[in-house]
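K.L.:
Build me a model:
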Amino acid sequence: MTELRKNGFTFKRFFIAHDKSPMKVTTDSCLLGAWSPITANTQKVLDIGSGCGIIALMLAQRLEHHESHIDAIDIDSNAALQCQENINQATFKNITARCIDINQYRLNQAPYYDLIVSNPPYFESAVECRNKQRQQARYTENLNHTQLITTAKRLLKPNGYFCVVLPYHLSDKFSQLCLQHDWHLVQQMQIKYTDNKPASLSLLCFSLQTVEICTKQSLTMRDSENRYTHDFRLLLGDFYLFQK
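P.N.:
The predicted model follows:
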């Protein structure tokens, strides 16, 4: 049995320490890392607001047989440092962690990435967090959704994909904002915790290419006996250490 280490999350093939990062490993990020579409053309990947590096490392595992490179960007220096430490401990070396404001990243350069992913801040400024770093990670003051959308458009190749995970109640508003900036919704997955609860999350994939049909799916995480469902196990099966 795999020993579970403290101060982080143990996956099948790597460990994510998150004690220094303002945002910890979340199911939201794990779902996005496992779900984001990868094609034969996926070579350059950008993770915006990478935190401790969970999405970047999941994508690195999925891309280990591709000629690829992943840039993991975070404005918080502690998060970027921990991301790099997690990368150094993993077997996947095709990732670079960078501490930089994404609004200032690769300015005046040609579109570069085939896939851009983000688990973005989504709270409007309200009550301040006790910790400035956590406030930065959770609230949209330093990266609002318009900035995220326009930055992704600036950095993504014309045939690339832009993927985010958001609370379900924000997904329609975000999609409409994307449409105003020439993005088209290609895929969407609604996530429920259990069947008798409303959807709590949305995984969204956008393209700058016009699409005729958006593929819509749904996934329930746990069954009536609070066990992970078959669909959830199938999606996260390459990463999670599910108990038998």
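K.L.:
any idea which element Thr150 lies in?
P.N.:
Here Thr150, judged by DSSP states H and E, is contained in helix 145-155.
K.L.:
for Asn78, same thing?
P.N.:
helix 77-89.
K.L.:
Could you list the alpha-carbon positions for that helix in CSV?
P.N.:
Output in CSV follows, covering the C-alpha atoms of helix 77-89 (Å, rounded to 0.1, in the frame of the first residue of the first chain):
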residue,chain,number,x,y,z
SER,A,77,6.3,33.6,-5.4
ASN,A,78,5.7,30.9,-2.7
ALA,A,79,3.3,29.1,-5.1
ALA,A,80,5.8,29.2,-8.0
LEU,A,81,8.6,28.0,-5.7
GLN,A,82,6.5,25.1,-4.4
CYS,A,83,5.4,24.3,-7.9
GLN,A,84,9.0,24.1,-9.0
GLU,A,85,9.8,21.9,-6.0
ASN,A,86,7.0,19.5,-6.9
ILE,A,87,8.2,19.4,-10.5
ASN,A,88,11.8,18.6,-9.3
GLN,A,89,10.4,15.7,-7.2
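K.L.:
I'd like to know which elements that helix is packed against.
P.N.:
strand 15-17, helix 54-62, strand 69-74, strand 95-99, helix 132-138 (3 or more Cβ pairs under 8 Å, 6 or more residues apart in numbering; DSSP states H and E). Every C-beta, even on glycine, is put in place using the N, C-alpha and C of the backbone.
K.L.:
Show me what the second one is packed against.
P.N.:
It stands for helix 54-62. With 3+ Cβ pairs under 8 Å, 6+ apart as the test, helix 54-62 has helix 27-35, strand 44-48, strand 69-74, helix 77-89, strand 95-99, strand 113-118 packed against it.
K.L.:
Which strands border the third one, and is each parallel or antiparallel?
P.N.:
Partner strands and pairing direction for strand 69-74 (DSSP bridges) are strand 44-48 (parallel), strand 95-99 (parallel).
K.L.:
Can you lay out the ones you listed as JSON lines showing mean neighbour count, distance to Leu143 and mean pLDDT?
P.N.:
Listed next are these as JSON lines, based on neighbours: other Cβ atoms under 10 Å; distance: least, Cβ to Cβ, whole Å; pLDDT from 0 to 100:
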{"stretch": "strand 44-48", "mean neighbour count": "26", "distance to Leu143": "8", "mean pLDDT": "98"}
{"stretch": "strand 95-99", "mean neighbour count": "19", "distance to Leu143": "14", "mean pLDDT": "96"}
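K.L.:
out of the ones you listed, which comes closest to Cys163?
P.N.:
strand 44-48 (10.2 Å; Cβ to Cβ).
K.L.:
angle of that closest one against helix 27-35?
P.N.:
What separates the directions of strand 44-48 and helix 27-35 is an angle of 170 degrees, with axes from the mean of the first three to the mean of the last three Cα atoms, to 10 degrees.
K.L.:
Find out how far strand 44-48 is from the centre of the chain, if you would.
P.N.:
9 Å (Cα atoms, centre = their mean, to the nearest Å).
K.L.:
Restricting to C-alpha, output it in CSV.
P.N.:
In CSV, the C-alpha atoms belonging to strand 44-48 read as follows (Å, rounded to 0.1, in the frame of the first residue of the first chain):
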residue,chain,number,x,y,z
LYS,A,44,2.9,23.9,-25.9
VAL,A,45,0.7,24.2,-22.8
LEU,A,46,0.1,27.1,-20.3
ASP,A,47,-1.3,26.8,-16.8
ILE,A,48,-2.4,30.2,-15.6
